[in-house]
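A.B. asks: pasted the sequence and its predicted model underneath.
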Amino acid sequence: EAGVAQSPRYKIIEKRQSVAFWCNPISGHATLYWYQQILGQGPKLLIQFQNNGVVDDSQLPKDRFSAERLKGVDSTLKIQPAKLEDSAVYLCASSLGVISGANVLTFGAGSRLTVL
Amino acid sequence: SQQGEEDPQALSIQEGENATMNCSYKTSINNLQWYRQNSGRGLVHLILIRSNEREKHSGRLRVTLDTSKKSSSLLITASRAADTASYFCATDALSARQLTFGSGTQLTVLP
């Protein structure tokens, strides 16, 4: 089974520039997540999709971050304009959803963003 | 905000020793999960324990859950250098069907 694919793996930009990250989840996984992981911290949920609908985006800084999941498969996360504090690893995860009362996530390798 | 908090933040042991990491959380949960993250990689699911379970085993892993104290522990027995990684607990809270991760324990196993 192919895993969660993310690209690019690394990106360096200057502040106020824009950047986009792409995620292809595991085939058949209806739920897709974007997490932000700042160095030395645990992942923080930015947005959760169920198919192509947004379930939770309460922690997404909507003035600069946007995400979409067209056709309920691939997803893109965009930051515009970037700030220094956006330097982090952006992790995409997918899951089948709640199975037998539990929701187990499969993560991609992440996209590391450095904002100068 | 992060629901789970791991303790210790960092742990260094010799190969063959056991490693114990603890996680405390704040709200009622459906289940608690442990994930491992190798340097520069994504997180990998290790084990899940449900709120009505007290202990669970998987290979060299042993997880306990005390819902009265809102805490969990992960024990890795007979550690290997390959176990060097960050370990995160994640809670699936009753009020929000999403996983919330703690800040992690960095485990270093010295050969």
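C.D. replies: Yep, that arrived.

A.B. asks: show me the shaky parts of chain B.
C.D. replies: By pLDDT under 70, the low-scoring segments of chain B are B:1-3, B:95-97.

A.B. asks: can you give me the strands in chain B?
C.D. replies: Counting by DSSP state E, chain B has strands at residues B:5-7, B:10-14, B:19-24, B:29-37, B:43-50, B:55-58, B:61-66, B:71-76, B:85-93, B:99-101, B:105-110.

A.B. asks: just put these in TSV and tack on distance to A:Gln6 and mean neighbour count.
C.D. replies: C-beta here means a position set from N, CA and C on the backbone, and glycine is covered the same way. As requested, the strands of chain B are exported to TSV (distance: least, CB to CB, whole Å; neighbours: other CB atoms under 10 Å in any protein chain shown):
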stretch	distance to A:Gln6	mean neighbour count
strand B:5-7	25	19
strand B:10-14	27	13
strand B:19-24	27	20
strand B:29-37	14	23
strand B:43-50	13	18
strand B:55-58	27	12
strand B:61-66	27	17
strand B:71-76	27	20
strand B:85-93	18	24
strand B:99-101	18	25
strand B:105-110	23	18
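
A.B. asks: now render those as JSON lines, adding distance to chain A.
C.D. replies: Shown next, in JSON lines, are the strands of chain B (distance: least, CB to the nearest CB, whole Å):
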{"stretch": "strand B:5-7", "distance to chain A": "8"}
{"stretch": "strand B:10-14", "distance to chain A": "10"}
{"stretch": "strand B:19-24", "distance to chain A": "11"}
{"stretch": "strand B:29-37", "distance to chain A": "5"}
{"stretch": "strand B:43-50", "distance to chain A": "5"}
{"stretch": "strand B:55-58", "distance to chain A": "12"}
{"stretch": "strand B:61-66", "distance to chain A": "13"}
{"stretch": "strand B:71-76", "distance to chain A": "14"}
{"stretch": "strand B:85-93", "distance to chain A": "5"}
{"stretch": "strand B:99-101", "distance to chain A": "4"}
{"stretch": "strand B:105-110", "distance to chain A": "9"}
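
A.B. asks: for A:Leu96, which of the ones you listed is the nearest?
C.D. replies: Among these, the nearest to A:Leu96 by CB to CB is strand B:43-50 (12.4 Å).

A.B. asks: and that closest one, what does it pack onto?
C.D. replies: Under the contact criterion of 3 or more CB pairs under 8 Å, 6 or more residues apart in numbering or on different chains; DSSP states H and E, strand B:43-50 touches strand A:106-107, strand B:29-37, strand B:55-58, strand B:61-66, strand B:71-76.

A.B. asks: no further queries at this time; thank you.
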